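S.K.: Provide a 3D model corresponding to the input given below.
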Amino acid sequence: MDIRDIGLRAFLRDRAGNIGIMAAASSALVIGVLALGVDYGHLTLQRRSLQHASDLASIVAAANLDKAEAAALAYFTANRKRLAVRNGDRLMTASGDFPFAALAMRDDIDGYAEIVKGRYSADPAIAPEDRFVAGAMPYNAAKVTTMASGDLFFAQSLAARPDIIVRSVASASEQAAFSVGSRLASLDGGVLNKVLGALLGTDITLSAMDYRALLDADVDLFAFSEALASRLRLTGATYDDLLHSEIGLGDFIGALGGTRGLSPSVAALLNGVGRSLGSTQARIRLDKLMSLEPYKALAVGRTDGLRAEASVFDLLNAAAGIANSGRQISVDLGTTVPGLAAVKLDLAIGEPPVGTPFLAVGQEGSIVRTAQTRVKLTASVDGLAALAGLRVSVPLYVEVANAEAALSAITCMGGTPTNASVRIKAVPGVVEIALGNVDTAAFNHFASPPRVTKATLVDSALIRIAALGHVDAANLTPETLVFSPQDIQADRIKSVSTRDTLTSMTGSLLRNLDLDLKVLILTIGTPKAVGTALADTLATLTEPLDIVLYNTLLTLGIRIGEADIRVTGVSCQRPVLVQ
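M.R.: Numbers count the residues shown, from 1 in each chain. The predicted structure is shown next:
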C-alpha cells in the first residue's frame, strides 16, 4: 500500500479543528449581522433623539403660535441641533435662509422641521388621529414633522442613508369666561315685575332693592351646575349631558337658589320666585343659556379653578326668555307708568342662535349673543288743550337684533392667569324703532320683518290724526375691548354703544313723523295749532316711553344700542405634548 494512500485516509478520518473551519466559514456572516445590529441600534438612538427634539420644538411652537417657525428655530439653535425650519420654499437657519432645493448641498444641516398650525380637540369621542385638524381656526396647537438623514457605519457602502421622519403635536389651552348683556343703571320695579312675571307665568312682587340684590349677587357656574345635577339626581353626568338636558324652570330656579356661596337673603328671594311658579310646565335647555365647551367631556364637579361667574339677575332673566322664545307675551301695564294714561305691550323673543348663548367659557373664536327681540307697545296719553283733551294713542314697534361679543385673543403673560389679558370684539344690537301699526301675523316670525303701516293716533268727530315714523341706530363695526388682569380681577364691565341712545332715538322719532292731520271742526283751532299741540303732547312721552322700553328690554338682558361685556376669569395652561 502506498504511504500516500495511508496519509490521505488518516487525514480524512481526522476530526480535529472542525470548529475553527466552521468559524472561519461563518465569520463573514456573523460580522455582517453585528455590523447591521450596530447600524440599527445607532439609527434607533438617532430616531429617539430626533423625536425628543421634535417634541420640544412642538411645545415651543404651540406656546408661540404667532411666530411658531422662529420659536422652533430658536430652540434648535439654543440646543445645538443642526436642524433647519421649513417656511414655504425656503429653509430658515440661524445663519440665514436658503432655498429648500439647496438642502442636499449643505453639509452643515442634518435635516429640517416643518410646522403646521391647527386646532386640537381633546374630545374622547374623536379618534386620536383625527383630533388635530390642520389649518382649523382659531389655532391652539402645532404639529411638527422633523426629517433627518440617518448615519450608517458599516452599511454605508451597500445602502443609501435612510431618512428618519418623526411627528409631534403639542397643544396650548387658553380659555376665558365672558358674557354679553346689560347692567341696571336705573330701574322701575313695577315694569320689571310685570314683564318678568309674564315671562315666568306668575306674579312677581320684587322691590327695586330686591332687583339690585339679584344683580349684585354673582353665582359660580360650576357650583350652579353641581347644584342642578344634584337636584335632578344626575350621577356620573358630564357637563355636556347636563347642558343638553331638558330642565324644568322650577328646577332651574330652585338649583340657582341652592347654589353654594349665595347669601341667605338672595336665596330666599329666589326660593320665593320658585314657589310662585306653582306647577309650571316651562322647560329650558342650558346649552341655550351658557356654554362650557372646554369642559363638556368632564364629569360635573371637575374644574381647573377657572372663575366663571354671572349675576343671578342675568341668569334668571335669560332662563325666562329662553323658556318663552318663539312665543308672544302680552303685558298690560295699565296706569303703572307715570305720565301715561295706559300702556300695553307685546313681546316676542327669537330662538337663541345655535351655539351662541349669552355667556360662555371658551377659547379664542367663542361667541356669545343676546336674543333677537321685538316689542309692540301702545301707549295712551291725554292731549293738550288744542287737542280738546282727546286721548292720543301712540303705537311703537321696536326690533333689536342680536348684540354679539367674540373672544378674539387671550394673552397669558408668563403662562399664568394672574397676568392674562383678554380681547373681545363686540357689536351692539342693531335697533329699529317705528311708530305705526304692525302686522300681527308676522310679529312672531323672525325670518322676515313685519310690515309697519300708518297708524291712527287720534280718531274723533273733531280731529283725525294718522302718523308713520321710523328711526334706526346701527354700529356694525366691531369695537375691540381690552380687559387687563386688573379689569378681570375687579369684575370690571365694559360697554359698546351705537351713536344714538334710546332717549335721542325716541325723541327724534316723535319729532319727525309723517302726519295726516284733519281738523273736522275748525272752532277748536287751525291745523297748524293742532299740529303744534300734537308735537308738544308727543314731547311729553319721551321719558315715560323710555322707562317702559328700557325696563322691558332690560329684563331680557338687552339695552337699545348698547351692550355690556364682562370677563370673569382666565385659564392659562402651558402647552403639552398631545400626540
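
S.K.: going forward, measure contacts and count neighbours with C-alpha atoms only.
M.R.: Noted.

S.K.: roughly how far apart are residue 223 and residue 445?
M.R.: 37 Å (C-alpha to C-alpha, to the nearest Å).

S.K.: In terms of neighbours, single out the busier of the two.
M.R.: residue 223 (21 against 15; other C-alpha atoms under 10 Å).

S.K.: give me phi/psi at the more buried one?
M.R.: For residue 223, the backbone dihedrals are phi -70, psi -40 (criterion: degrees, to the nearest 10).

S.K.: The protein: helices as residue ranges?
M.R.: 3-13, 18-63, 68-78, 189-200, 208-216, 221-231, 239-243, 249-257, 264-276, 312-323, 485-489, 502-511, 527-539, 542-554 (DSSP state H).

S.K.: Contacts only, for residue 404.
M.R.: By C-alpha atoms under 8 Å, 6 or more residues apart in numbering, the contact list for residue 404 reads 180, 367, 368, 369, 370, 426, 427, 428, 429.

S.K.: what's the distance between the second one and residue 572?
M.R.: Residue 367 sits 19 Å away from residue 572, taking C-alpha to C-alpha as the criterion.

S.K.: Neighbour count: these two, which is higher?
M.R.: Higher neighbour count among residue 367 and residue 572: residue 367, with 26 against 22, using other C-alpha under 10 Å.

S.K.: Dig out what residue 571 forms beta bridges with.
M.R.: residue 175 (DSSP bridges).

S.K.: Is it in contact with residue 303, as I believe?
M.R.: No. Residue 571 is beyond contact range of residue 303, at 10.6 Å (criterion: C-alpha atoms under 8 Å).

S.K.: more crowded one of these two?
M.R.: Taking neighbours as other C-alpha under 10 Å, residue 571 and residue 303 compare with residue 571 leading, 24 against 12.

S.K.: Quickly note the distance from the more buried one to residue 177.
M.R.: Taken as C-alpha to C-alpha, the span from residue 571 to residue 177 is 9 Å.

S.K.: quick one: common contacting residues for these two?
M.R.: Here residue 571 and residue 177 have residue 306 as joint contacts, going by C-alpha under 8 Å, 6+ apart.

S.K.: Disregarding residues adjacent in the polypeptide, which is nearest to residue 252?
M.R.: Nearest residue to residue 252 in three dimensions, chain neighbours excluded: residue 228, at 6.9 Å (C-alpha to C-alpha, 6 or more residues apart in numbering).

S.K.: How about the contacts made by the one you found?
M.R.: Contacts of residue 228 by C-alpha under 8 Å, 6+ apart are 251, 252, 255, 256.

S.K.: Correct me if wrong: the third one contacts residue 231.
M.R.: Yes. Because the distance of 6.6 Å satisfies C-alpha under 8 Å, residue 255 is recorded as touching residue 231.

S.K.: out of the two, which sits in the more crowded spot?
M.R.: More crowded of residue 255 and residue 231, by other C-alpha under 10 Å: residue 255, with 25 against 14.

S.K.: From residue 96, how far off is the nearest residue to the more buried one once chain neighbours are set aside?
M.R.: Leaving aside its chain neighbours, residue 255 sits nearest to residue 228 (5.0 Å; criterion: C-alpha to C-alpha, 6+ apart). To residue 96, residue 228 is 59 Å away according to C-alpha to C-alpha.

S.K.: Please apply the same query to residue 254.
M.R.: Distance from residue 254 to residue 96, by C-alpha to C-alpha: 66 Å.

S.K.: More neighbours: these two, which one.
M.R.: When neighbours are counted by other C-alpha under 10 Å, residue 254 and residue 96 differ, and residue 254 comes out ahead with 21 against 8.

S.K.: Please tell me which one of the contacts of residue 228 counts the most neighbours.
M.R.: Counting neighbours by other C-alpha under 10 Å, residue 256 leads those with 27 neighbours.

S.K.: got the contact list for that one?
M.R.: 224, 227, 228, 267, 270, 312 are the contacts of residue 256 under C-alpha under 8 Å, 6+ apart.

S.K.: Among these, name the buried ones.
M.R.: 224, 227, 228, 267, 270, 312 (16 or more other C-alpha atoms under 10 Å).

S.K.: So which of those residues is the closest to residue 279?
M.R.: residue 270 (16.0 Å; C-alpha to C-alpha).

S.K.: Hmm, the closest one is touching residue 252, no?
M.R.: No. Counting by C-alpha under 8 Å, residue 252 is not a contact partner of residue 270; they are 10.3 Å apart.

S.K.: Could you tell me how many residues sit around the residue nearest to residue 511 when sequence neighbours are not counted?
M.R.: With C-alpha to C-alpha, 6+ apart as the criterion, residue 511 has its nearest non-adjacent residue at 6.9 Å, and that residue is residue 535. Applying other C-alpha under 10 Å, we find 16 other residues in the vicinity of residue 535.

S.K.: Make 6 the starting number, not 1.
M.R.: Okay, residue one is now 6; in that scheme the one you just asked about reads as residue 540.
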